[in-house]
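Trainee: got a sequence here, can you model it:
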Amino acid sequence: VFRIFYAVSKKRLKLRNNISMQKTKILLGNAIFTLQMMSFLWYEDYGMKGWESYSAFWVALRTVNFDVLVVYLSSAYFWISFSLWLTFSTTVGLGITGLLVHFKKSVPTIFKFALTKALEFIAGVGFIPAVSFSVIGLSHSVTKRVDISEYTTFDFELKEYHGLLLAVNLVLVLGLYTCFHTFTSEMRHSLAGQDLTAVCTSKYRVREGLLVVGISGSKLLLLEERPYLHLNLVAVVALYMAVQYLQNLPYYSFFTNCVRCAGFLVLGLEALVFVVSYWQDNAFLTVLLTCFVVPLCLVPLKSLFEHRYSSIEASIQSKFHKAESLETFELYIRKYLINNPVEQRSELIRVFGRCFDKATFRHKKKLYVWETNLCLYAFKNERLARLKVWKCIGKESDLETEYQEFCCRQAFGKKTFEDLEYIKYLWKLSKVTERDNALCHQLINFWSELTSSHPKIQVLRNLSKSIDKLIRKIQKTAEKLIEQNKSNPDVCNIYGSFLNDILFDNEKALRLTRLAELISSYNSANNKYSSKLKFFDKDNGLLLISADPENLGVVIYANTKAANILETSVDTMLGSDFKSLIPPPYESFHNQVLERFLLYSEQPKLRFPENFAILNHKGYLVEITMYSKAISLESYPILSFLFREMNSEREVAIVSETGIINSHSENFATKLGYDTDIQGLSISSMFPDFESILDPNKAHFLKVNGKRLAIISKEVPVGSSKMKFVWVISEKEEVKALSKIDVLESVDMNLRKPDSSLDRP
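Mentor: Reported below is the predicted structural model:
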């Protein structure tokens, strides 16, 4: 259903920028709606004094309802036929559109245009006439009354099957009305300046539809016998709706809220006018009060809305998370979501984060949809939006929120990301491998059956069909992968082996093998002069980490190079916890850091330094240069860690603020002349002048076993904390360079010192 209305809705294709035309359309549509609703106040014989002189106006007013006009000009049979044909053909049209969308066929433009216009008519000016006639016709077909006072020229006898058709028609009209307003309402704050019908919720339009059905039934049941009750009911409901528009401001546009409120206010006041006139038994009062009192009551409406808007003004630092409902929160923050000034974008994300901590908001999907829209359309950051939308999964929602989430996902895909494309490539490559393994099993079963003592023809036939199907799938997937991923030789090698061993196509297999060699040669030459880590470079280690709350931190993919750097196997790494690679004592709260990042992140990049150190399988530090980002695949977040081992000639250790060695690389202790592991020891017990060693502004030199070493330290920021790294450098050239720098700095400092003898007289 979502895909059907997404395909039909013209608002997805082109935004309406002509504000004047939009205002005219809104005014005209609201005027017609109000007049159609006022026709429910009319009754042929009110019994008021002088009613005959003024009833002609209300009779003429009822022609705004197309059912009355058509019955008057043509016949009741024509209106029944037209109403049923329009409703059923629109429903069938939506079904055809659904089939075309399902089978990924394009919907003809003229067909989409006609279907859109039919939906707009049914859910717009044609809704009240269709509902009114269906309710009246259904009632009279049940009571078998021939004369229908609501239509002065009714010339058609309603049978029982007519009532059944009209009942079905009423249900379909209500369904189409609800779907149209729910699935075409723009709920993106970024569209507030372009689309005056953009709205924070469509529930008020749906309520209006139910209100029309209720008032239509009330008129039929109460107006003749108890006009007071019907008129008071209409007045109360209409004024309640007017107050709701004033209080909750469902539309982003000031103009639209004001116009919709005015329509219901006029309806409610007119109902009170009829009550007063009926009570005073004077039909002239209907004209007098309508012409003078009702317009006067509309005069202060604009001022009321201005006061309402001013009453919700709040600064971005306000405690929005203390709002009692999502609607209140949205009202407070609406102007910032619409205007989203650059300097306040980070603060907006923090405001949403504080609201996620609120128990009553935490499970509301609409809050996450608003944040996703903010990142996607206001910040223009699709990667961050992809990261935000996954939080919608499993949250409480209604139909319109589900559709808005669907629209967010449909907007993705226009921009490519290297890590996302590589993850998709790995997933498709795994499909090829799985099918290749399945094919091998099927071939084994085929030859086992064929060489058995009593082979069965039917079993062989079924196996051959299955083998043929798998071969075709492998060919299709592999050829598509080769076409879309021309930077990776793996799929060429796999498919070439498949062609050579299974299909015996040696010539094509040889071409693919040479292509794989050419790609590998090109990648090696290209990566040799590039400092950027790349996903298709086999010299880089790659880990993919699940960021799903149920499997947070679980390694879901590791390549061979990553396993070699960490001195373990790929099978051992898969399913392990990523925090086991984080040096102590930071591993204890690493998962909490990831959770906070996914919930409150303002940027999709994790705040890890490019030069970092992780633990290998033995528990020793391995210094790496790293590239890490978060991405969402099929709505689930994944953290990608691409890394390469750094200079193996130097050793590294992480030292606490008090000088305790938390962890170190495998040869760190050996370089310093220790035969045992020194993790947990204090650096002050090893070096009396440890304070100078931990000074990040200078290098410290010493000799161990006749070899000159350099020790340098530095504080590396990791998120909101800092880690102190200490390096032991043994390579002669590096030690010599550091020593030269140290000498130059000493000379520079001596030159800067003032000579005290020059100050003496």
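
Trainee: what is the host helix or strand of Gly209 packed up against?
Mentor: Counting by DSSP states H and E, the element that carries Gly209 is helix 203-222. Judged by 3 or more C-beta pairs under 8 Å, 6 or more residues apart in numbering; DSSP states H and E, helix 203-222 is in contact with helix 127-143, helix 160-183, helix 227-248. Placement of C-beta: from N, CA and C, glycine included.

Trainee: mind checking these for the one nearest to Ile423?
Mentor: helix 160-183 (31.2 Å; C-beta to C-beta).

Trainee: who's in contact with Leu426?
Mentor: Leu544, Tyr557 (C-beta atoms under 8 Å, 6 or more residues apart in numbering).

Trainee: measure it to Asn493 for me?
Mentor: Distance, Leu426 to Asn493, using C-beta to C-beta, to the nearest Å: 15 Å.

Trainee: go on, Ile136?
Mentor: Taking C-beta to C-beta, one finds Ile136 at 75 Å from Asn493.

Trainee: between those two, which has more neighbouring residues?
Mentor: Ile136 (22 against 18; other C-beta atoms under 10 Å).

Trainee: give me the distance between the more buried one and Gly163.
Mentor: 11 Å.

Trainee: same question, Asn540
Mentor: Asn540 is 73 Å from Gly163, by C-beta to C-beta.

Trainee: same question, Glu327
Mentor: Taking C-beta to C-beta, one finds Glu327 at 40 Å from Gly163.

Trainee: repeat that for Lys25.
Mentor: 36 Å.

Trainee: cool, and Leu296?
Mentor: Distance from Leu296 to Gly163, by C-beta to C-beta: 45 Å.

Trainee: and stretch 511-523, what's its mean pLDDT?
Mentor: Across stretch 511-523, pLDDT averages out at 79.

Trainee: in that stretch, what's buried?
Mentor: Leu512, Thr513, Leu515, Ala516, Ile519, Ser520, Asn523 (16 or more other C-beta atoms under 10 Å).

Trainee: let me see the contact set for the third one.
Mentor: The one in question is Leu515. Counting by C-beta under 8 Å, 6+ apart, Leu515 has contacts Pro489, Cys492.

Trainee: export the helix or strand containing it as PDB, just CAs?
Mentor: Taking DSSP H and E as the criterion, Leu515 maps to helix 506-528. Extracted in PDB, the C-alpha atoms of helix 506-528 (Å, rounded to 0.1, in the frame of the first residue of the first chain):
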ATOM      1  CA  ASN A 506      38.400 -22.700 -20.500                       C
ATOM      2  CA  GLU A 507      38.600 -19.700 -22.800                       C
ATOM      3  CA  LYS A 508      36.300 -17.400 -20.800                       C
ATOM      4  CA  ALA A 509      37.900 -18.600 -17.500                       C
ATOM      5  CA  LEU A 510      41.300 -17.600 -18.900                       C
ATOM      6  CA  ARG A 511      40.100 -14.100 -19.800                       C
ATOM      7  CA  LEU A 512      38.700 -13.700 -16.300                       C
ATOM      8  CA  THR A 513      41.900 -14.900 -14.700                       C
ATOM      9  CA  ARG A 514      43.900 -12.400 -16.700                       C
ATOM     10  CA  LEU A 515      41.400  -9.600 -15.800                       C
ATOM     11  CA  ALA A 516      41.900 -10.500 -12.100                       C
ATOM     12  CA  GLU A 517      45.700 -10.200 -12.600                       C
ATOM     13  CA  LEU A 518      45.300  -6.900 -14.300                       C
ATOM     14  CA  ILE A 519      43.100  -5.500 -11.600                       C
ATOM     15  CA  SER A 520      45.500  -6.700  -8.900                       C
ATOM     16  CA  SER A 521      48.400  -5.000 -10.700                       C
ATOM     17  CA  TYR A 522      46.500  -1.800 -11.100                       C
ATOM     18  CA  ASN A 523      45.400  -1.800  -7.400                       C
ATOM     19  CA  SER A 524      49.000  -2.400  -6.200                       C
ATOM     20  CA  ALA A 525      50.300   0.500  -8.300                       C
ATOM     21  CA  ASN A 526      47.500   2.800  -7.300                       C
ATOM     22  CA  ASN A 527      47.700   2.000  -3.600                       C
ATOM     23  CA  LYS A 528      51.500   2.400  -3.600                       C
END
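
Trainee: for it, what is the distance to the chain centroid?
Mentor: Distance of helix 506-528 from its chain centroid, counting by C-alpha atoms, centre = their mean, to the nearest Å, is 40 Å.

Trainee: just checking, which helix or strand succeeds it along the chain?
Mentor: strand 541-546.

Trainee: that following strand - contacts with which helices or strands?
Mentor: strand 555-558, helix 560-565, strand 636-645.

Trainee: what average pLDDT does that strand get?
Mentor: On average, strand 541-546 scores 88.

Trainee: export it as PDB, just CAs?
Mentor: Output in PDB follows, covering the C-alpha atoms of strand 541-546 (Å, rounded to 0.1, in the frame of the first residue of the first chain):
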ATOM      1  CA  GLY A 541      42.700  -5.300   7.500                       C
ATOM      2  CA  LEU A 542      38.900  -4.900   7.600                       C
ATOM      3  CA  LEU A 543      36.500  -5.600  10.500                       C
ATOM      4  CA  LEU A 544      32.700  -5.100  10.300                       C
ATOM      5  CA  ILE A 545      31.100  -4.700  13.700                       C
ATOM      6  CA  SER A 546      27.400  -5.100  14.400                       C
END
